[in-house]
Structures are given as C-alpha cells and as structure tokens.
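Participant: quick one: sequence plus predicted model below, questions after.
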Number of protein chains: 2
Amino acid sequence: MSNTSRAVYDTLAGIGRALGNGHRLELLERLAQTEAPVETLAQATGLSLANASQHLQHLRRAGLVTARREGRQMYYRLTDERIVTLMGLMREIAESNLAEMERLVGQLFGGSDADEALEPMSREALAQALAQREVTLLDVRTREEYGAGHLPGAINIPMDQLEQMLDRLPRDQEIVAYCRGPYCVLSHEAVRLLQRQGFRVRRYEEGYPEWKAAGLPTD
Amino acid sequence: MSNTSRAVYDTLAGIGRALGNGHRLELLERLAQTEAPVETLAQATGLSLANASQHLQHLRRAGLVTARREGRQMYYRLTDERIVTLMGLMREIAESNLAEMERLVGQLFGGSDADEALEPMSREALAQALAQREVTLLDVRTREEYGAGHLPGAINIPMDQLEQMLDRLPRDQEIVAYCRGPYCVLSHEAVRLLQRQGFRVRRYEEGYPEWKAAGLPTD
DNA sequence: TCAATAGTCAAATGTTCAATTGAGTATTTG
DNA sequence: CAAATACTCAATTGAACATTTGACTATTGA
C-alpha cells in the first residue's frame, strides 16, 4: 500500500466518521427535507445550539454539507443528493444484517394493530399509481417542509391537524401517506388514524428525500 | 424524537463508525475480492495480527463482516454485497465534494504520461463491449484473487508477470485491463506497460467487486 | 500428550471525540 | 452607536478509539 493510497482511504474514512454519530445522522435527515439555519436544526434534534453548530461543522469538514449566510442566520444544506441514497443503503444493510436493528424498527412502528395488514407502497409502485391517477397523496409533514418541496400533486395536512381536516380527503379513492423518511413515524400515525375513520389508506415506505434522490419529479 | 428512534440512529451510526477508519476500509476492500483468514488480511493491509483481528471484530459488531472457523483459521467475509456499493457511493461523494480527494486521486494515478489520453471504460460500456466480443479482458490481480472470481472470459496475468507474458495478449483487438477496484493501481500500471509495447489497451474504471455487486455475471 | 499455529483478549498508552460553558464575532435593528 | 440575535470558537471534562505488548485459547499434527 502506497502512502497516497493510505491517504485516500483516510480521507474516505472521514466521511464514515461523519456518519458515525446518531445526532449527525439526524441532522442529515433533517437537512434532506430542506436547508435550514442552525437554530432550527438544533431544535429539531434536541441539541444545544453550540453542540449542533459543532456537529454541523464536522459534517462540513467531511464535505457532506455546505453553509451559506443569510442575514444573521447560517443556512446549512446537503452538498449532494447522493447522501440520501448513501444513508438509505446504510439503513438497508443495517436492517438485513443487524438483529438489533430489526428489534428497534419493530418497536418504533409495531406500536399497535392492523396497520401492518396493508403492505406499504414501494417507490416504483407509487410512481406507477401516480401516473395512472389511482391514488391521492397525503403529505403529513409541516407546512414548511411541504413548502420546500413535495411529491407531485400531494395534499399537505400536517399530522397535528389531520383529525380536524378529514373532509379534505376523498373516501372514494385510496390515499397514500408519506412523511420525512423510513424512520419517520408521522405517516404511520396518519394511516392508523385514517383507517379508524374508515378511509382506504396505505403508507409510502420511504419519504420525500428518497423520492427526490431517486430523480423522480417533485413540486 | 422518541427514545427508540434515537436508538435507531445510534445503531445506524455504528455502521458509520465502522467505516470511519482507513484501515477498516482497506480490510473491507480486500474482503470484497474474496473471503480470507486474519493473517492474510493483516499482511495485505500492513497491520499487526492483533490489530487486524480487533478491526475485524469491530466490523463484525457493526454487522459488515462475518467469521467462520476452518481448522485453525478464521475466515472473514463481507456479510452483504451491498457494502461494495456503499463504499462506491462514499467514493463518488468524496470525489465530487472534497478538493483533498481530487488532489490525492490525481497523485495516485496521474503518475505520468499519456495513459490519460484514453478514457477508462465504464461498467456499462464494458458490459456491452463484452457482449459483442469486441475486447479482450485482462485481469492483473493475483492468481488467488482471480481464482475466487473474475469477469467473464478474462485472462489472468498478475501484474508482476505481465512483461514476460506479452505473447498471451492479442495485437489485433483492444485489451481492457482491470484489477481490484477504483483505487487499485495495478490496471494503471498494466495500461502504461502495454501502451509502451504497442498494444491497444484501456482500463475498466472500477474493478471486480463493483462488477459483481452490480449483479453482472462472473466466472 | 506436547509443540506449533492462528487468533483472541486484557491491559496500558496516547489520541480523538462529544458535550458543556462562557467568551467572542458578525449582522441587523432601534 | 448600542443592544439583540445567531452563531462560532476555545477550553474543559469524561468517554471512546487505535495500537502495542504479552498472556491466553482452540485446533492440528507429530
């Protein structure tokens, strides 16, 4: 092994280290929705401001995010769409090879009843159903996240308002709910709520960032 | 953020940490060629036996490799083909976003002269050229690596014997050389040597593990 | 059964990392 | 220009990592 190739692996390992912390993964997932200033990110992840700032700079040194000043705020954003794909692959590998992961995901989503009965929808199936206008898409993220980009034609009803706005949803067509990504629980909650109310509803198994990273159209 | 979802991110981060060390990345790359016992891996990477063993166990805890005893040797192997894809993605992201990476890769391969003149061949282009029998494939890895799997129809001439065995290569067809992966220098050296000798020769830009991980046929 | 081989484990060392605290900086607003 | 906002930076503390060394364990072969 030459000295240079050692240096190549070390540089590459820098990316690994950046991905080697749960808080940083959360920050990346949040950034996959849309760029955001430090304070917003700190709140979203429950980190102190200084700590969030330092994690973000760690990510910046690894080349995964960039920062841009706007007034007195620093907006951070992912440098590369492929980072979403990268995290998705890590997830797939973890889910198929770590028993621990299976247990946790079960615990996160298993919560209750029949919502397992209906298979979640894959990206491909959803793309096809959308093309044929067979389903109504429901985005249960916040208004801001929706505003920054969403699947084509999706209706936005943030999860905490869903119960009050059931009249905006069709009863004669299947509804597909989605949120931030595979570990976001909002769409699970939405499905449970809507099923109780008698709607025909399923989940899209990923989320907005994965859809976008796959190169599919967004609004 | 729920407690469980925090635990999910931490578990995922375990994979990141495992990828967060240059020596471990080297071990993974070596394992992408074929399974191997600890001592072989230690030699290939220049690590002490104990140190290699500990890195391997780190990888095992992260679910990236598994071990199997055979006599007095422990054979380690990748648990999942997708790990090759994961490392490939890290590489792509690093190359497009880190100036440092560009510099190092240039230094690793730029070495000399005209070998840049000919574009390396992409996986797709190579697959097509093979299907049409337009090229002769040359595998310059060791006999063992070749024996554990290689691209369909490839001739094996380890790099250190290439100069003595030029008569086994055709002068009337383009040759495509490949080795262990994108950072392996053997195929670069092969191309340089063969070009000096008047052969028509190019590189396949990745290597055996990437070809295999992409689901393409191997021998 | 004894020696040799191939690896793992435990302890010890120096290094890097994560989080907190408090001070410092850039930008806007009154 | 002064105060407020939104960060960033430096210093500190305890935890986790990487490496070496030497002891320990499992398997084989004489």
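Facilitator: Yes, it's here.
Participant: please compute how far stretch A:126-145 lies from its chain's middle.
Facilitator: 15 Å (C-alpha atoms, centre = their mean, to the nearest Å).
Participant: which sections of chain A are below the confidence cut-off?
Facilitator: For chain A, applying pLDDT under 70 flags the ranges A:1, A:111-117.
Participant: which parts of it are strands?
Facilitator: Using DSSP state E, the strands found in chain A span residues A:36-37, A:65-70, A:73-78, A:135-139, A:155-156, A:174-179, A:201-207.
Participant: let me have these in CSV, extended by mean neighbour count and distance to B:E92.
Facilitator: For the C-beta atoms, the positions are set from N, CA and C on the backbone; glycine is no exception. Listed next are the strands of chain A as CSV, based on neighbours: other C-beta atoms under 10 Å in any protein chain shown; distance: least, C-beta to C-beta, whole Å:
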stretch, mean neighbour count, distance to B:E92
strand A:36-37, 20, 25
strand A:65-70, 14, 17
strand A:73-78, 18, 14
strand A:135-139, 22, 30
strand A:155-156, 16, 33
strand A:174-179, 24, 27
strand A:201-207, 24, 21
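Participant: how many neighbours does A:R72 have?
Facilitator: Using other C-beta atoms under 10 Å in any protein chain shown, A:R72 is surrounded by 6 other residues.
Participant: and it, its phi and psi?
Facilitator: The phi/psi pair for A:R72 (degrees, to the nearest 10) reads phi -100, psi 10.
Participant: tell me the contacts of A:L98?
Facilitator: By C-beta atoms under 8 Å, 6 or more residues apart in numbering or on different chains, A:L98 lies in contact with B:11, B:14, B:62-63.
Participant: if you set the cut-off to 7 Å instead, what comes out?
Facilitator: B:11, B:63 (C-beta atoms under 7 Å, 6 or more residues apart in numbering or on different chains).
Participant: need phi/psi at it.
Facilitator: According to degrees, to the nearest 10, A:L98 has phi -120, psi 120.
Participant: which stretches in chain A count as helices?
Facilitator: Counting by DSSP state H, chain A has helices at residues A:3-18, A:22-33, A:38-45, A:49-61, A:82-97, A:99-110, A:123-131, A:143-147, A:186-196, A:208-213.
Participant: who in chain A is up against DNA strand D?
Facilitator: Residues of chain A lying close to DNA strand D by C-beta under 7 Å from any atom of the strand are A:37-40, A:49-50, A:53-54, A:56-57, A:67, A:72-75.
Participant: and A:A127, what is it in contact with?
Facilitator: A:A127 sits next to A:L216 when contact means C-beta under 7 Å, 6+ apart.
Participant: same check on A:R202?
Facilitator: Taking C-beta under 7 Å, 6+ apart, we find A:R202 in contact with A:118, A:120-121, A:174, A:176, A:191.
Participant: same question, A:T79
Facilitator: Applying C-beta under 7 Å, 6+ apart, the residues near A:T79 are A:63-66, B:97.
Participant: quick one: which of those residues is nearest A:G215?
Facilitator: B:N97 (18.7 Å; C-beta to C-beta).
Participant: can I assume that closest one is in contact with A:A62?
Facilitator: No - using C-beta atoms under 7 Å, B:N97 is not in contact with A:A62; the gap is 8.8 Å.
Participant: so these two - more neighbours on which side?
Facilitator: Taking other C-beta under 10 Å, B:N97 and A:A62 do not tie; A:A62 has more neighbours (23 against 20).
Participant: wait, that one touches A:G14, no?
Facilitator: Yes - the pair A:A62 / A:G14 is scored as a contact, 5.0 Å apart, by C-beta under 7 Å.
Participant: what residues are shared contacts of those two?
Facilitator: By C-beta under 7 Å, 6+ apart, no residue touches both A:A62 and A:G14.
Participant: interface residues of chain A facing DNA strand C?
Facilitator: Residues of chain A lying near DNA strand C (C-beta under 7 Å from any atom of the strand): A:17, A:20-21, A:23-24, A:47-48, A:50-51, A:54-55, A:58, A:69, A:71-72.
Participant: pull out the buried residues from the residues you listed.
Facilitator: Buried members of those, scored by 16 or more other C-beta atoms under 10 Å in any protein chain shown, are A:17, A:20-21, A:23-24, A:47, A:55, A:58.
Participant: chain B next: which of those are close?
Facilitator: Among these, proximity to chain B is found for A:17, A:20-21 (C-beta under 7 Å from any C-beta of the partner chain).
Participant: from the residues you listed, pick the one nearest A:L151.
Facilitator: Using C-beta to C-beta, A:N21 is the member of those that lies nearest A:L151, at 29.8 Å.
Participant: ok, now which ones touch that closest one?
Facilitator: Per C-beta under 7 Å, 6+ apart, neighbours of A:N21: B:A13.
Participant: so A:E145 touches A:T34, yeah?
Facilitator: Yes - using C-beta under 7 Å, A:E145 makes contact with A:T34 at a distance of 6.3 Å.
Participant: domain map for chain A?
Facilitator: A:3-80, A:111-213 (automatic domain parsing).
Participant: quick one: the first one to chain centroid distance?
Facilitator: What that stands for is domain A:3-80. With C-alpha atoms, centre = their mean, you get 16 Å for domain A:3-80.
Participant: and if you look at the last one?
Facilitator: Distance of domain A:111-213 from the chain centroid (C-alpha atoms, centre = their mean) equals 13 Å.
Participant: go on, stretch A:79-99?
Facilitator: Averaging C-alpha positions (C-alpha atoms, centre = their mean) puts stretch A:79-99 12 Å from its chain's average.
Participant: on that earlier part again, need the max-distance pair from the contacts of A:T79.
Facilitator: A:V65 and B:N97 (9.7 Å).
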